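Visitor: return atomic coordinates for the entry below.
(one chain, ligands or ions: 1)
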Amino acid sequence: MTPRAGRSIKPSHAHPCARTRLMQDKPQHFASDNYAGICPEALEAITRASATGSAPAYGDDPWTRLAADAICTLFETQAAVFFVLTGTAANALALATLPPYCSVIASDIAHIETSERGAPEFFSGGSKLLTPPCPDGKLTPEAIRLCRRKASSPHASEPAVVSITQPTENGLVYTLDEIRALAEVCKEYGLKLHMDGARFACAIAALGCTPAAMTWEAGVEALSFGGTKNGMAVGDAVVFFDRSLARGFAERAKQAGQLASKMRFITAPWLTMLKSGAWLRNAEHANASARQFAQAVEAIPGVQIAWPVQSNAVFLLMPEQAMNSLRARGWRFYTFFGAAARFLFAWDAQSAAIEALAADIRACMAQLPAPSP
Ligand SMILES: *Cc1c(COP(=O)(O)O)cnc(C)c1O
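Guide: Sure thing, here's the model as predicted:
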């Protein structure tokens, strides 16, 4: 077979990351929770679903029906449930169910604002994101009121939706009271409340409340429910607690290329992970791993934890030189929000790898030239 670009492809049995030196000699990386592999429960579910042979395509299969039912059971309500391939699609398509001439209020560090290449604006055909500065990453009732006041001219883009991320992009968790207060303002202004729950399970593990309490009981009307970062191979769910809001969603998802034809390989893992409790165990492990890492680094002189560790993320403030030498030692990580180094922990985080990272951070800090007196 001739490759299209004319380059020869040699069969290789080496791990592709080994060739590109991506992983170097590190047992694990904590650059993101989507660096992790597929958790055993999800992988076995795929294998089992495949072993049954042929099944109807495009979600007209028993796994998809049962997974949607399992989500309704989990949330103790009859919601409209859809499965898409990515979290970006979940957010963009959920937000695109709005009138296209309206706007969406979100934190200035919201994933929909910083990391989706304008997908919500693109799929909505013209919605505008209004992103008031939120110093700790959390949207507040005051910020929503301010956006509303600013958009009072008939020429402005009228807010129709508020989108909050739970946990936030900087790892904080909205309390139930905070969500209720936001929902209150939304109700006052007739705004819909959407939750980007790419790491929803981590927030549930952190608060120990029911999924219902964190969503529709608190006034959330639509949820992007993350599966990928929770341990699946691919696939996030969109849950409309107000079923009337789901009108047109299926059509938009198909139009966007987000209706998976072999849907059962997305939904069989959802079903197994919800039924077995793996979704919550994975999140508890991820959160505990973040706490372990925070404890291992908090006493290192010159290193500061940027935000309280409330979910599976730890942000470290440290000199750029130390970050560079940490990278030179082969660790991969992103820097965010005024150059804090972000470390995220997934279902598979290993204690020894966490300690190895912490030890390297300590060593990088110790190597810095002493500050001149
Ligand atoms: C990862 C993430 C998403 C979805 O990202 P995809 O890469 O499109 O799956 C959405 N919101 C937040 C907060 C995320 O961290």
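Visitor: so what's the residue of the stretch 251-373 of the chain found nearest the ligand up against?
Guide: Relative to the ligand, the nearest point of the stretch 251-373 of the chain is L344 (8.7 Å; CB to the nearest ligand atom). Just so you know, the C-beta spots here come from the backbone N, C-alpha and C atoms, and that holds for glycine as well. Contacts for L344 (CB atoms under 8 Å, 6 or more residues apart in numbering) come out as 30-33, 290, 312-314.
Visitor: restricted to strands, list the residues you listed.
Guide: 313-314 (DSSP state E).
Visitor: who's in contact with D348?
Guide: 28, 36-37, 39, 231.
Visitor: so what pLDDT did it get?
Guide: Note for D348: predicted pLDDT of 97.
Visitor: so, low pLDDT: which residues of this protein?
Guide: Residue ranges of the chain with pLDDT under 70: 1-24, 99-100, 338, 371-373.
Visitor: how about the strands in the chain?
Guide: 80-84, 102-106, 128-130, 158-165, 192-197, 222-225, 236-240, 304-305, 313-317, 334-336, 340-344.
Visitor: picking up where we left off before, now the residue of the stretch 251-373 of the chain closest to the ligand. Nearest residue, chain neighbours left out?
Guide: In space, and not counting its chain neighbours, L344 is closest to D33: 4.5 Å by CB to CB, 6 or more residues apart in numbering.
Visitor: wait, the one you found sits on V314?
Guide: No: counting by CB atoms under 8 Å, D33 does not reach V314; the two are 11.9 Å apart.
Visitor: do you know how far the closest residue to the ligand within the stretch 151-300 of the chain is from L223?
Guide: Distances between the stretch 151-300 of the chain and the ligand by CB to the nearest ligand atom are smallest at A198, namely 3.4 Å. Distance of A198 to L223, computed by CB to CB, to the nearest Å: 11 Å.
Visitor: before we move on, back to that, any common contacting residues for D33 and V314?
Guide: Common neighbours of D33 and V314 (CB under 8 Å, 6+ apart) are 344-345.
Visitor: quick one, what contacts T272?
Guide: T272 makes contacts with 41-42, 44-45, 278, as judged by CB under 8 Å, 6+ apart.
Visitor: and if you look at C209?
Guide: L176.
Visitor: next, it: phi, psi?
Guide: Here is the backbone geometry of C209 (degrees, to the nearest 10): phi -100, psi 180.
Visitor: the helices in the stretch 151-300 of the chain, which residues?
Guide: Taking DSSP state H, counting those that start in this stretch to define them, one finds helices in the stretch 151-300 of the chain at 176-189, 200-207, 211-214, 249-255, 264-276, 278-297.
Visitor: so which residues on the stretch 51-200 of the chain come close to the ligand?
Guide: 86-88, 91, 111, 165, 169, 196, 198 (CB under 6 Å from any ligand atom).
Visitor: give me the distance from stretch 295-314 to the chain's centre.
Guide: Relative to its chain's centre, stretch 295-314 lies at 20 Å (CA atoms, centre = their mean, to the nearest Å).
Visitor: T131 and A110 touch, don't they?
Guide: Yes: counting by CB under 8 Å, T131 touches A110, with 6.7 Å between them.
Visitor: of the two, who's got more company?
Guide: A110 (25 against 20; other CB atoms under 10 Å).
Visitor: ok, now which ones touch that one?
Guide: For A110, counting by CB under 8 Å, 6+ apart, the contacting residues are 129, 131, 163, 165, 169, 196.
Visitor: mind checking which of those are buried?
Guide: 129, 131, 163, 165, 169, 196 (16 or more other CB atoms under 10 Å).
Visitor: what is the neighbour count of the nearest residue to the fifth one once chain neighbours are set aside?
Guide: Excluding its sequence neighbours, the residue lying closest to E169 (CB to CB, 6+ apart) is I109, at 5.0 Å. I109 is surrounded by 21 other residues when neighbours are defined as other CB under 10 Å.
Visitor: any residue of stretch 32-42 touching the ligand?
Guide: No: judged by CB under 6 Å from any ligand atom, stretch 32-42 and the ligand are separated, with a smallest distance of 6.6 Å.
Visitor: what's the end-to-end length of that stretch?
Guide: Using CA to CA, to the nearest Å, the span of stretch 32-42 from its first residue to its last is 19 Å.
Visitor: chain center to that stretch: distance?
Guide: 13 Å.
Visitor: what residues of that stretch count as buried?
Guide: In stretch 32-42, the ones that count as buried by 16+ other CB under 10 Å are 32-33, 36, 38-39, 41-42.
Visitor: and for stretch 156-166?
Guide: Counting neighbours by 16+ other CB under 10 Å, the buried set in stretch 156-166 is 157-166.
Visitor: which one of these sits closest to I71?
Guide: Using CB to CB, Q166 is the member of the buried residues of stretch 156-166 that lies nearest I71, at 16.4 Å.
Visitor: contact partners for that closest one?
Guide: 173-174, 179, 195-197, 199-200, 203, 214.
Visitor: how about 10 Å then?
Guide: Contacts for Q166 (CB atoms under 10 Å, 6 or more residues apart in numbering) come out as 138, 172-174, 178-179, 195-200, 202-204, 206-207, 214-215, 220, 223-224, 311.
Visitor: interface residues of the stretch 201-350 of the chain facing the ligand?
Guide: Counting by CB under 6 Å from any ligand atom, the stretch 201-350 of the chain sits next to the ligand at 228-229.
Visitor: tell me, how many residues neighbour the one residue in the chain that gets nearest to the ligand?
Guide: Proximity to the ligand, evaluated over the chain using CB to the nearest ligand atom, is greatest for G87 at 2.2 Å. If you count neighbours by other CB under 10 Å, G87 ends up with 26.
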